[in-house]
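Visitor: This is a predicted model, with the sequence first.
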Amino acid sequence: MRIALIGQQDFGKAVLEALVARGDTIAGVFVAPEKPGGKPDPMRVAAEEKGLQVFQFPSLKAPEATAAMKALDADIGIMAFVLQFAPQEFVNIPKHGTIQFHPSLLPRYRGPSSINWPITKGETKTGLTIFRPTDGLDEGAVILQKETPISENDTLGTVYFDRLFPMGVAAMLEAADLVVAGKHREVVQDESQASYEGWFKAAEARVNWNQHVDWIHDTIRGADPAPGAWTTIGGKKLQLFGSRKHLVRTFGAVKGKIGEITEIGAESMRVTAQGGQVEIAKVKGEEGKKVSAAEWAKAAGAGAGTILGT
């Protein structure tokens with residue numbers, strides 16, 4: 001098929017390479033412009049290396065973007081990780097319209113940080129959706145969905161890189177085939193089940209040690225590896241990674257005070273919260289690199305009795 005590909009970064013590159021590998025024709029590639037001084041976009045670099053026609057419009061609402069899409073005479077548009085707004089007059093140009101990837105089970109977790117939030121909120125499953133882009137945020141008809149479980153110790157990294165990323169690439173190709181062949185179904189999203197979450201940034205990733213150990217554990221793993229959950233010690237930021245939780249079922253049996261480091265092992269350390277403790281494998285200080293919690297504690301002079309969140 002003849003494809004107009006819209007996307008960016010590593011996921012866009014992976015979709016591009018998968019389409020080329022199976023023999024599809026990439027009529028043109030739309031990539032968001034890089035920020036001045038920023039790293040080259042992997043998708044743009046890959047497209048140019050393959051000799052493909054690349055467009056970098058500041059806005060897909062511009063008349064130039066519409067004209068470029070019309071000139072491609074594409075069978076279908078494929079949106080792979082797109083942060084630019086794509087209006088209907090742009091996405092409806094290809095013969096079979098356009099399909100878009102979103103890493104959640106729509107209509108739940110619409111929005112830009114849809115992988116972080118299900119983990120942070122303690123969900124036991126998530127997934128991906130291929131849908132029709134509309135002018136509403138992640139509101140279009142669903143074409144295809146895939147599910148994946150979230151285990152107790154899954155992180156943003158394991159859920160995305162190990163599962164949603166490869167599943168998403170395969171699902172984009174599967175959905176494109178169904179749409180072009182006219183074998184797909186489009187299911188309107190149930191607005192009564194819809195939820196929207198904004199960006200999961202540093203403010204959302206701050207650990208409150210007064211919360212229950214479940215909340216703290218979920219916040220740490222939902223921000224691992226990015227943006228990195230964090231606390232403070234001596235007024236300086238300390239990021240936390242590799243969390244395991246240890247519940248205490250008996251009331252009053254939790255060792256230590258809230259936020260207190262009670263134990264430092266060969267690699268990790270334990271910190272007390274409501275209802276139990278979290279075991280932290282790695283940390284990163286403001287000016288250092290990511291190291292084992294034990295290595296950091298030794299260098300920082302921290303030990304049993306040290307209080308975090310100060």
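Guide: Yes, it's here.
Visitor: all contacts plus neighbour counts: C-alpha atoms, from now on.
Guide: Fine.
Visitor: so where's the longest strand in this protein?
Guide: Using DSSP state E to assign secondary structure, the strand with the most residues in the chain is strand 236-247.
Visitor: Average pLDDT for it, rounded please.
Guide: What strand 236-247 shows for mean pLDDT is 97.
Visitor: which residues touch the helix or strand following that strand?
Guide: Next along the chain after strand 236-247, taking DSSP states H and E as the criterion, comes strand 261-264. Residues outside strand 261-264 that contact it (CA atoms under 8 Å, 6 or more residues apart in numbering) are 255-256, 269-272, 293-294, 297, 303-308.
Visitor: Over to stretch 15-30?
Guide: 1-7, 43-44, 47, 52-57, 72-74, 80, 169, 172-173.
Visitor: Which among those residues count as buried?
Guide: Buried subset of the contacts of stretch 15-30 (neighbour count, 16 or more other CA atoms under 10 Å): 2-7, 43-44, 47, 54-55, 72-74, 80, 169, 172.
Visitor: Just those residues: which are in helices?
Guide: Among the buried ones among the contacts of stretch 15-30, the members found in helices (DSSP state H) are Met43, Arg44, Ala47, Leu72, Val169, Met172.
Visitor: about what we covered before: relative to the longest strand of the chain, what are the paired strands and their orientations?
Guide: According to DSSP bridges, strand 236-247 forms sheet pairs with strand 229-233 (antiparallel), strand 276-285 (antiparallel).
Visitor: Just after the last one, pick out the following helix or strand.
Guide: Once strand 276-285 ends, the next helix or strand along the chain (criterion: DSSP H and E) is strand 291-292.
Visitor: what packs against that following strand?
Guide: Packing partners of strand 291-292 (3 or more CA pairs under 8 Å, 6 or more residues apart in numbering; DSSP states H and E): strand 276-285.
Visitor: What are the buried residues along the strand it packs on?
Guide: Gly276, Gln277, Val278, Glu279, Ile280, Ala281, Lys282, Val283, Lys284, Gly285.
Visitor: again, but for stretch 122-140
Guide: The neighbour-count check on stretch 122-140 (16+ other CA under 10 Å) flags 122, 126-134, 138-140 as buried.
Visitor: hmm, who's touching stretch 61-70?
Guide: With CA under 8 Å, 6+ apart as the contact definition, stretch 61-70 has outside contacts at Ala4, Phe57, Ser59, Leu60, Phe85, Ala86, Pro87, Glu89, Phe90, Ile93, Pro94.
Visitor: go on, stretch 77-85?
Guide: Identification of contacts with stretch 77-85 by CA under 8 Å, 6+ apart yields 3-9, 11-12, 15, 32, 59-61, 91, 94, 96-102, 172, 176.
Visitor: do that again at 7 Å, thanks
Guide: For stretch 77-85, the surrounding residues in contact (CA atoms under 7 Å, 6 or more residues apart in numbering) are 3-8, 11-12, 59-60, 91, 94, 97-101.
Visitor: Of these, keep whichever come out buried.
Guide: Buried by 16+ other CA under 10 Å: 3-8, 11-12, 60, 91, 94, 97-101, out of the contacts of stretch 77-85.
Visitor: which of those lies closest to His184?
Guide: Ile99 (11.6 Å; CA to CA).
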